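Novice: I'll drop the sequence and a predicted model, then ask my questions.
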Amino acid sequence: MKGKKVKLHYPAINMNKNRFIRMILNNPANIFPIVFWNCRMLILKLLGYKTIIYNIHYDYFFDIFLPVYEKLILDKRIKIYFSWLSTNKILKNHLINMIGKKRLISNIISPYILTDLFITGENNGPDFPFSHFPTRKIQIYHGTGVYTHYRKADVLSRFDIHFAIGPLYIPFINSLPCKGEKNSNLRIVGYPKLDKVIEPDPALVSYLTDLYGINDKFVILYTPHWNEFGSLHVLGLDITKNLSQIAENVVVLIKVHNFLFTEFKEQNWHKKLSDLQNKFRNIKIVSRPNTQEVYPLGDMLITDTGTTAALEYSLTRKPLFVFFNQGWFDHHNNTEVEMDIVNTSITFTTISEIVQYAKEVYTKQPDMMKKLAAQSAKQLILTNNNLFNPGKATNIACQIIIEELGIS
């Protein structure tokens, strides 16, 4: 399975040749940083370096590439830069804190800068290199399901290389438009950012434990989906209030998807969650973008139908509970993974149900312990069936990227 190649054919989709002219007409000064960066890349090439641009629109997409980035930068022959969405100031600040300013390039000019590789996990129209450039394009994907990717076939068919996260990615990638002679490679990789769920960083776990004040506490992780079928929209914040009152020693860590704020601006979720945290001392809001880093902190997870969190958390083999809403399935196709998750989890539909389940887990009731033992076995099957190379994906991804750069 490791690094296995599958040859495919995709259409050569030409980039709009007028976009460069429009960009210059909009701001003629853009020509100067474009010239500067291309001269820089040329010098690096002459000095024997290989260059990569990682394209990113949202801060949590940084963590998709982070483990690969941390390993690749150890190779002094490789220079990595980040193309960021110029309208996303939160993203820019996050990247400055993580990697500094010198590696950042605005997405306004990044398509016109020649590098060896273009990598992204985005599927919503990333900023592809100019069509006449020989830059190879790698899609590493985000999420463990595929239902959102089918809607982005036209965009995703432009990539030269696809990193398959799990078995369902193979028929998906094979279904992409196929009209030309352009060769692409499907590579069986896995999901690099989940490697640290299996082997957490002790220093980070210690830091987060202190940050959220959860030493010697029973921690309930709550990661609701952003869409209208999720528990936050259906059940409201009372679910967290009631969970927090189970016992003095219980802490509820809430990590919501960023789209909750962007897709439901009128509901002012920032203020609602802030007020909730201020009112209840044992409710903590996780504002850091990476959900995966909090998995090792939890004693159990509560999430929604449609989230990738449930499959990811199953790598810990800890208790998993999912708010079931058939309405979500009625509105989505290609949801085999999501149904597997539901069948693996203990589902609930009301607040009283999940509060009772949480109490039984906290007090280690015998019947619940039997259910969780059975669930743990099912979680192993779930992850094995839906993820390639758990715990080894980072190394495999780096090997493939190094091969593409032509570094021996």
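Specialist: Right, received. Where do you want to start? Computed from a predicted model, the values in this text were never measured in an experiment.

Novice: could you use CA atoms for every contact and neighbour count after this?
Specialist: Will do.

Novice: for residue 341, see how far away the residue nearest in space to the middle of the chain is.
Specialist: Note on the chain: the residue nearest the mean C-alpha position is residue 142, at 4.5 Å, using CA atoms, centre = their mean. Applying CA to CA, to the nearest Å, the value for residue 142 to residue 341 is 17 Å.

Novice: residues in contact with stretch 228-245: which ones?
Specialist: 224-225, 227, 250-252, 280, 282-283, 303-305, 323, 325, 327-328, 350-351, 355, 358 (CA atoms under 8 Å, 6 or more residues apart in numbering).

Novice: what distance separates stretch 345-356 from the centre of its chain?
Specialist: 27 Å (CA atoms, centre = their mean, to the nearest Å).

Novice: contacting residues around residue 34?
Specialist: 109-110, 112-113.

Novice: find the helix or strand that it is a member of.
Specialist: helix 31-46 (DSSP states H and E).

Novice: pLDDT averaged over that helix, what's the number?
Specialist: In this model, helix 31-46 has a mean pLDDT of 97.

Novice: what packs against whatever helix or strand comes next after that helix?
Specialist: Per DSSP H and E, the first helix or strand lying C-terminal to helix 31-46 is strand 50-56. Secondary-structure packing of strand 50-56 (3 or more CA pairs under 8 Å, 6 or more residues apart in numbering; DSSP states H and E): helix 31-46, strand 78-84, strand 117-120.

Novice: wait, which of those is closest to residue 57?
Specialist: Among the helices and strands packed on strand 50-56, the nearest to residue 57 by CA to CA is strand 78-84 (5.8 Å).

Novice: where's the closest one relative to the chain centroid, distance-wise?
Specialist: Worked out by CA atoms, centre = their mean, strand 78-84 lies 18 Å from the chain centre.

Novice: tell me which strands and helices that strand is in contact with?
Specialist: strand 50-56, strand 104-106.

Novice: redo those as CSV? Include mean pLDDT and mean neighbour count.
Specialist: Below are the helices and strands packed on strand 78-84 laid out as CSV (pLDDT from 0 to 100; neighbours: other CA atoms under 10 Å):
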stretch, mean pLDDT, mean neighbour count
strand 50-56, 97, 23
strand 104-106, 96, 20
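
Novice: and the ones you listed: which comes nearest residue 369?
Specialist: Nearest of the helices and strands packed on strand 78-84 (CA to CA): strand 50-56, 42.2 Å.

Novice: so after that closest one, what's the next helix or strand?
Specialist: As the chain continues past strand 50-56, the following element, by DSSP H and E, is helix 62-72.

Novice: longest helix in the chain, please.
Specialist: The longest helix of the chain (DSSP state H) is helix 366-386.

Novice: mind listing what's buried along that helix?
Specialist: 368, 372, 375-376, 378-380, 382-383, 386 (16 or more other CA atoms under 10 Å).

Novice: can you check stretch 317-337 too?
Specialist: Buried-residue list, stretch 317-337, by 16+ other CA under 10 Å: 317-325, 328-329, 334-335, 337.

Novice: since that was my last question, I'll sign off now.
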